[in-house]
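>>> just a sequence and a predicted model for now, questions to come.
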Amino acid sequence: MSSEEALSSTFTDWLFINSWWLLLPFIMLIVVAAFIVAFVLLLYMISPLISPKPLKLNGAHVVVTGGSSGIGKCIAIECYRQGAFITLVARNEAKLLQAKKELEKFAINDKQVVLCISVDVSSDYSQVESVIKQAQEKLGPVDMLVNCAGLAISGKFEDMEVDRFKKLMEVNYLGSVYPTRAVITTMKERRMGRILFVSSQAGQIGLFGYTAYSPSKFALRGLAESLQMEIKPYNIYVTVAYPPDTDTPGLAEENKSKPLETTLISETSGVCQPDQVAKIIVRDAVQGNFNCSVGPDGYMLSALTCGMSPVTSITEGLQQIVTMGLFRTIALFYLGSFDSIVRRCMIQREQSKAADKRE
Ligand SMILES: NC(=O)C1=CN([C@@H]2O[C@H](COP(=O)(O)OP(=O)(O)OC[C@H]3O[C@@H](n4cnc5c(N)ncnc54)[C@H](OP(=O)(O)O)[C@@H]3O)[C@@H](O)[C@H]2O)C=CC1
Ligand SMILES: CCCCCCCCCCCCCCCC(=O)[C@@H](N)CO
């Protein structure tokens, strides 16, 4: 072998060895991609295992706080129509009796019972505990608890009386903690149950006028996430519902003192009918979905704000992964338009104030 030949053969060897190295990143890429595909397929395969078994409402005992009016009443009707036994909880007895009458029109068999209990869910835990005990003695253990009693007050931060901040936390947050605390032990013993919290779209985003209301609805999400992690092994499923403005006596009352900005911003997702909202909420609670949104804006908001919340179906998880960036882009436009509403209202107010002074 001439020295020239020897040189070229070492060069080919060198190239051969090095071209393998060059291929390595591609091989790794293919292996990683194969792993991802296999992982997704595996998740799909086990998805029926992680989706809870739907709750049978027929013959179940459903307790609805705030069940004498609005969304709560419609949720109670929806469950009653599917054969449930209902306990309505609220303060005003006349309204409770009126709601009971309305519910009874939807009976599907003659065994069904509607029980009314008058109590303030937010003031004293021992009272709430004792009325839940009464209800369980009469209609059996609670299969589903619907925390819907709530109050909305809107107004500018500096106009809001300071005690309103406390009031809203008491009714909307503690008023959901107490009934939940009162049913949870029995549910864990029975290894079954559903807990529903009615939050609001204002529990997903903070908006002008909701400095007191929004935090009380955000709090429910924190409670729900923590609680779900504790009770999932006991086969108990938590649902948080985030409705938009819904045509109820509660909304009519809130509208009497709503700032113009809040009205204009809330109009984005329109006004829903309580029976439609109730149907969606009951369906999600029965299925054991953690998240329950209403309408297209609600869907986008929920995907956008899912954070580390539990996922109840693989499809939901995949949808969140794929849509989040797009929805954030859309959200930036919404935020821009909300800012301009607020600025326009401010300028208008200042102009009319100046005009008043001149007169
Ligand atoms: N309507 C809407 O636009 C939206 C409402 N929501 C939420 O949905 C829930 C229901 O709202 P909506 O149907 O409009 O409200 P309504 O005012 O129509 O009904 C509220 C119900 O809660 C009861 N309630 C209020 N405070 C207490 C209390 N301290 N103890 C026991 N019961 C109480 C009321 O009865 P009583 O006064 O006799 O006690 C009534 O039955 C609320 O949590 C609200 O924040 C969320 C998004 C939108
Ligand atoms: C991709 C991003 C989409 C963004 C959509 C934003 C929509 C904002 C509308 C918020 C409406 C708030 C309703 C509060 C209702 C309520 O709880 C009270 N009325 C109770 O009485």
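Now that the structure is in, tell me what you want to look at. Ligands and ions are numbered 1, 2, ... in the order given.
>>> please make it C-alpha for all contacts and neighbour counts, starting now.
Noted.
>>> could you look up the SS state of the residue in the stretch 1-150 of the chain that ligand 2 sits nearest to?
Taking CA to the nearest ligand atom, ligand 2 has its nearest neighbour within the stretch 1-150 of the chain at G150, 8.6 Å off. Look at G150: counting by DSSP: H, G, I helix; E, B strand; the rest coil, its state is coil.
>>> now do the contacts for it.
66, 171-172, 175 (CA atoms under 8 Å, 6 or more residues apart in numbering).
>>> where along the stretch 251-359 of the chain do the strands fall?
If DSSP state E, counting those that start in this stretch is used as the criterion, the strands of the stretch 251-359 of the chain fall at 291-293.
>>> how much space between the residue of it found nearest ligand 1 and ligand 2?
The nearest approach of the stretch 251-359 of the chain to ligand 1 comes at L251, 4.6 Å away (CA to the nearest ligand atom). Distance of L251 to ligand 2, computed by CA to the nearest ligand atom, to the nearest Å: 4 Å.
>>> ok, that residue - how many residues close by?
For L251, the neighbour count with other CA atoms under 10 Å is 17.
>>> let me know the pLDDT of the closest residue to it other than its chain neighbours.
Distances taken as CA to CA, 6 or more residues apart in numbering place D245 nearest to L251, at 7.3 Å, with adjacent residues excluded. At D245, the model reports a pLDDT of 98.
>>> pretty sure D245 contacts G270?
Yes - counting by CA atoms under 8 Å, G270 is a contact partner of D245 at 6.7 Å.
>>> so how far is ligand 2 from the nearest residue to Y125 once chain neighbours are set aside?
Nearest non-adjacent residue to Y125, counting by CA to CA, 6+ apart: Y178, 5.8 Å away. Using CA to the nearest ligand atom, we find Y178 at a distance of 21 Å from ligand 2.
>>> give me the contacts around the helix or strand where Y178 lies.
Taking DSSP states H and E as the definition, one finds Y178 inside helix 175-190. Contacts to helix 175-190, defined as CA under 8 Å, 6+ apart, come from residues 121-123, 125, 128-129, 132, 141-143, 145, 147-150, 193, 195, 197, 220, 231, 234, 236.
>>> can you narrow these to ones near ligand 1?
121-122, 148-150 (CA under 6 Å from any ligand atom).
>>> hmm, back to that, highest neighbour count among the contacts of G150?
So for the contacts of G150 (other CA under 10 Å), the most neighbours sit at N172, 28 neighbours.
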